[in-house]
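Engineer: I'll drop the sequence and a predicted model, then ask my questions.
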Amino acid sequence: MLLYIHGFNSSPDSDKARITKAYMQQKFSQLRVVAPQLPAAPKPAMALLQAITEQALAEGEKLCFIGSSLGGYFASWLVQQYGGKAVLINPAVKPYELFAEYLGPQFNPYTGEHYQLLPEHQQQLQQYDTPVILNPERFLVLLQTADEVLDYRQALAKYHCCEMLLEAGGNHSFVGYGDKLDTVSRFLCLP
């Protein structure tokens, strides 16, 4: 199973998610690709991701994750808890700190959902922190230095021991992501 985990205020209809699903369907048609719409609050979002992961384990499936931004933060925790491999795209490192800037009314342009980002959401996020990467061989990190949302140097420091593709320029969406999917699929050892 490949679990694609979108970022904050995003969705399975984002460009990266759609590109990923189309590529996997073309190259690995037998691979089960799951790309859920996550609830806005971290605790129910992680509960959904855990349920999907545990079902895949129960069915004997290999675990593969692709996580973008906040999805990369979640994917890191899932790999540390359940195993498998993950590709992280411009991953959030301490989103519970970053969320201080976003407290209050939020709008997800993909889903049309209006909701409140609360201090309790910061606390929920902190529960899923992975301050030390225990199995660096399980991660491939894609970073671009001109990410306008996250400071790439935080991810560079946290994941320094992992396989990494660091590109100058780009942006938070990771320009040219589709061109990296051959590398992504090789790293994940897809069938």
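Structural biologist: The structure has been received and is ready for your questions. Residues are numbered from 1 along each chain as shown.

Engineer: after the helix ranked longest in the chain, next one along is what?
Structural biologist: Longest among the helix segments of the chain by residue count, using DSSP state H, is helix 42-58. Using DSSP states H and E, the next helix or strand after helix 42-58 towards the C-terminus is strand 64-68.

Engineer: who's in contact with the residue nearest the centre of the chain?
Structural biologist: Taking C-alpha atoms, centre = their mean, the centroid of the chain lies closest to G67, which sits 1.7 Å from it. Contacts for G67 were tallied using C-beta atoms under 8 Å, 6 or more residues apart in numbering; they are Y4, I5, Y73, F74, A75, S76, A86, V87, L88, I89, P91. C-beta coordinates here come from the backbone N, C-alpha and C atoms, glycine included.

Engineer: beta partners of it?
Structural biologist: Per DSSP bridges, the residues bridged to G67 are I5, L88.

Engineer: right, and L134 touches G83 too?
Structural biologist: No. Using C-beta atoms under 8 Å, L134 is not in contact with G83; the gap is 10.9 Å.

Engineer: those two: who's more crowded?
Structural biologist: Set L134 next to G83 and count neighbours by other C-beta atoms under 10 Å: G83 wins out with 13 against 8.

Engineer: nearest residue to that one other than its sequence neighbours?
Structural biologist: L63 (6.0 Å; C-beta to C-beta, 6 or more residues apart in numbering).

Engineer: next one: G178
Structural biologist: Distances taken as C-beta to C-beta, 6+ apart put I19 closest to G178, at 4.7 Å, once the chain neighbours are dropped.

Engineer: for stretch 98-115, the averaged confidence score.
Structural biologist: For stretch 98-115, mean pLDDT is 94.

Engineer: ditto for stretch 137-144
Structural biologist: Averaged over stretch 137-144, pLDDT sits at 98.

Engineer: centre of the chain versus it, how much separation?
Structural biologist: Distance of stretch 137-144 from the chain centroid (C-alpha atoms, centre = their mean, to the nearest Å) equals 11 Å.

Engineer: which of the contacts of G67 count as buried?
Structural biologist: The neighbour-count criterion (16 or more other C-beta atoms under 10 Å) marks Y4, I5, Y73, F74, A75, S76, A86, V87, L88, I89, P91 among these as buried.

Engineer: on the three-state scheme, the last one is what?
Structural biologist: In three-state terms, and counting by DSSP: H, G, I helix; E, B strand; the rest coil, P91 is coil.

Engineer: same thing with the third one?
Structural biologist: Put simply, Y73 is helix when judged by three-state DSSP.

Engineer: nearest residue to it other than its sequence neighbours?
Structural biologist: A92 (4.4 Å).

Engineer: of the buried ones among the contacts of G67, which is the nearest to F187?
Structural biologist: V87 (6.2 Å; C-beta to C-beta).

Engineer: who are the neighbours in contact with the closest one?
Structural biologist: Per C-beta under 8 Å, 6+ apart, neighbours of V87: F65, I66, G67, F139, L140, V141, L142, V184, F187, L188.
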